[in-house]
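Q: sequence unknown, structure follows:
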C-alpha cells in the first residue's frame, strides 16, 4: 500500500509545507499507494503527530541519544529534536548540554560546544549549520 503518485502531487499542493522537517520527512516517506484520500492522510497524520494522544517522554531519554555509526549530524539532530519535542517542560538548557554528550569525543562540534556552550536550541542550530 502506498500513496498514488498523482494523488501525492495533488496532496503536496494542499498539504502545508510549513509543518517542519519531521512532518515533511514523514509525508515524503509515505509509500506509493498507501494513502488514497485527504481523509486518509488526515487520519494518518493525526495518528502520528497529535500530541495529546502521545505520552510525554521523560527528560532522561535525551541522555540515551547518541550519534549512530556512519550517521551524519543532520539526521542525528533531527532525531534529537523530535525526541526533545516529546518531552514536557522547559528543559532547553539541559537539552543543549545532553546533545553535546551524544557526539563523538573527536567531533569538532563537540569540541566547539565544550569551549563555548550554546545557550539555547536556536544557538545550537546555528552552530550545527556552521
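A: Received, thanks. Everything numeric in this text was worked out from a predicted model, so none of it was measured. Numbers count the residues shown, from 1 in each chain.

Q: which stretches of this protein have low pLDDT?
A: 1-19, 50-54 (pLDDT under 70).

Q: change it to 50
A: Confidence mapping of the chain against pLDDT under 50 gives the ranges 1-2, 4, 6, 10.

Q: for it, what spans make up the helices?
A: Secondary structure of the chain (DSSP state H): helices at 5-14, 21-28, 38-49, 73-85, 92-101, 108-115, 121-129.

Q: Mean neighbour count, the ones you listed: which tops it?
A: helix 92-101 (a mean of 17; mean count of other CB atoms under 10 Å). To be clear about C-beta, it is placed using only N, CA and C from the backbone, and glycine gets the same treatment.

Q: Just want the angle from it to helix 73-85.
A: Interaxial angle, helix 92-101 versus helix 73-85 (axes from the mean of the first three to the mean of the last three CA atoms, to 10 degrees): 140 degrees.

Q: This completes my enquiry, with thanks.
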